[in-house]
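K.L.:
attaching a predicted model along with its sequence, questions to come.
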Amino acid sequence: MAYFVGIDLGGTRIKIALGDDKRILITRNVKARKELSFMSNIRIIEDTIKVICEEQKIMFMDISSIGFSFPSLVNNELKKVISTNDKFNDAKEFDWVEWSKSTFGAYISLENDARMACYGEWKSGAGRPFTDFVMMTLGTGVGTAVIMDGNPLVGKHFQAGNLGGHLTVDYAGALCSCGNRGCVEAEASSTALKRLVETHPKILESELKNRSKIDFATIFDLAESDLVALEIRDHCLDVWSAAIVNYIHAYDPEAIIISGGIMNSKKIILPYLREKVGGLAWSPWGHVAILSSELNDNAGVNGAFLMAKNEFEKHERKKIKLR
Ligand SMILES: [Zn+2]
């Protein structure tokens, strides 16, 4: 029996799924230690896989293939991390193929986290009906990945479709962590909220001035009764609408699928975006569907598991051809 492991390494947690060719048998979440080296996190991953293998009475060496979702740009052909964003920096020197081979005797597929989540959503979530869609994840940053013509969009340097959080929506806007100004992420993400609140001209009239923790849940809750929260909420919705119009004009998708904890407020977000984008996007064939993710936080680990299975099947097909 062939077994597969999907791993989704995030900034705060690691998700691991173990399963066979029919389904995922078990998933486990552990804390990621981004203050430690990538190698220390690899040890945490190995230990967790060991524990769940023991629980399922599976040997390490029974694992045939591993899918790994990494939170930065990745060369999925050479299986190398191209660039990191101030966390897990030693991953650039890591030999993924050697690790999976010597530790598990397994194949490995490595992919950028947004693309892996998009793949999971495409194969087993809200993306199933589509050959062309953009997945947009709203959170600390804004991440995107694209399925185009029935394939994940990758590009010459492996970054096509991944930088949707860094499309410019205001060329004179706020400075972004990427060095550009007025990126989607700099204008409307959890990271941008602090600035939006502190610099609002009517902040002294708002309940927000008394809040120590300001996140999107706070903004959306308070927007019912607080004018400043309402203006910040609508500013963010307008920034995301502008971003989605750009995605539609760039990628010609059938759908935009949005994920992130913020989608707890999808009853407000989806109708707003549908109306705004519907009036702004140039799509003479009709309206692009704007939907909520079905897998949400589990899209990445699902994608990694399915990618592991795919990699195994690809090698098995090759073996049959050579026989
Ligand atoms: Zn940027």
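P.N.:
That came through, no problem. Residues are numbered from 1 along each chain as shown.
K.L.:
what bits of this structure have low per-residue confidence?
P.N.:
323 (pLDDT under 70).
K.L.:
enumerate the residues of the stretch 101-250 of the chain near the ion.
P.N.:
166, 176, 178, 180, 183 (CB under 5 Å from the ion). C-betas here are computed from N, CA, C, even on glycine.
K.L.:
the first one: how many residues sit nearby?
P.N.:
Going back to what we said before, that points to H166. H166 has 19 neighbouring residues, counting by other CB atoms under 10 Å.
K.L.:
do the third one as well
P.N.:
Applying other CB under 10 Å, we find 14 other residues in the vicinity of C178.
K.L.:
do the same with the one 5 residues further on
P.N.:
For C183, the count of nearby residues is 29 (other CB under 10 Å).
K.L.:
contact partners for it?
P.N.:
C183 makes contacts with 165-169, 173, 176, as judged by CB atoms under 8 Å, 6 or more residues apart in numbering.
K.L.:
now swap in D113 and tell me
P.N.:
By CB under 8 Å, 6+ apart, the contact set of D113 is 8-10, 69-72, 143, 300.
K.L.:
re the thing from before, out of the residues of the stretch 101-250 of the chain next to the ion, who's nearest D252?
P.N.:
Of all these, D252 sits closest to H166, with 20.2 Å by CB to CB.
K.L.:
can you pull the contacts of that closest one?
P.N.:
Going by CB under 8 Å, 6+ apart, H166 touches 176, 178, 180, 183-185.
K.L.:
what of R28?
P.N.:
Residues near R28 by CB under 8 Å, 6+ apart: 15-17, 48, 51-52.
K.L.:
so which of the residues you listed are in helices?
P.N.:
Judged by DSSP state H, the contacts of R28 include 48, 51-52 as members of helices.
K.L.:
which among the contacts of R28 count as buried?
P.N.:
Neighbour counting by 16 or more other CB atoms under 10 Å classes 15-17, 48, 52 among the contacts of R28 as buried.
K.L.:
returning to that earlier point: buried subset of the contacts of D113, written for ChimeraX?
P.N.:
The buried residues among these can be selected in ChimeraX (16+ other CB under 10 Å) with this line:
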select :8,9,10,69,70,71,72,143,300
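K.L.:
out of the contacts of D113, which is nearest to N89?
P.N.:
Looking across the contacts of D113 and measuring by CB to CB, the closest to N89 is S72, at 9.6 Å.
K.L.:
spatially, what comes nearest to that closest one if we skip its sequence neighbours?
P.N.:
In space, S72 comes closest to T84 once its chain neighbours are excluded; the distance is 4.8 Å by CB to CB, 6 or more residues apart in numbering.
K.L.:
same check on F133?
P.N.:
Nearest to F133 is A255, by CB to CB, 6+ apart, at 4.2 Å.
K.L.:
which residues of the stretch 201-323 of the chain fall in strands?
P.N.:
Per DSSP state E, counting those that start in this stretch, the stretch 201-323 of the chain carries strands over the ranges 255-259, 289-292.
K.L.:
redo those strands as a markdown table? Include mean neighbour count.
P.N.:
Listed next are these as a markdown table, based on neighbours: other CB atoms under 10 Å:
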| stretch | mean neighbour count |
| --- | --- |
| strand 255-259 | 24 |
| strand 289-292 | 19 |
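K.L.:
nearest to the ion, of those?
P.N.:
With CB to the ion, the closest approach to the ion among those belongs to strand 255-259: 19.1 Å.
K.L.:
could you please name the strands the closest one pairs with and the direction of each pair?
P.N.:
Strand 255-259 sits in its sheet next to strand 133-138 (parallel), strand 289-292 (parallel), going by DSSP bridges.
K.L.:
ok, and the residue nearest the centre of the chain, which helix or strand is that part of?
P.N.:
Centroid-nearest residue in the chain: A114, 3.2 Å away (criterion: CA atoms, centre = their mean). Assigned by DSSP states H and E, A114 falls within helix 113-124.
K.L.:
could you check the angle that helix makes with strand 133-138?
P.N.:
Put simply, helix 113-124 runs at 130 degrees to strand 133-138, going by axes from the mean of the first three to the mean of the last three CA atoms, to 10 degrees.
K.L.:
put the alpha carbons of helix 113-124 into CSV.
P.N.:
Output of helix 113-124 as CSV, limited to C-alpha atoms (Å, rounded to 0.1, in the frame of the first residue of the first chain):
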residue,chain,number,x,y,z
ASP,A,113,2.0,28.0,-0.3
ALA,A,114,-0.5,30.1,-2.3
ARG,A,115,-0.2,27.8,-5.3
MET,A,116,-0.5,24.7,-3.2
ALA,A,117,-3.7,26.0,-1.5
CYS,A,118,-5.1,27.0,-4.9
TYR,A,119,-4.3,23.4,-6.1
GLY,A,120,-6.2,21.9,-3.1
GLU,A,121,-9.2,24.2,-3.7
TRP,A,122,-9.2,23.3,-7.4
LYS,A,123,-9.1,19.5,-6.8
SER,A,124,-11.3,19.2,-3.8
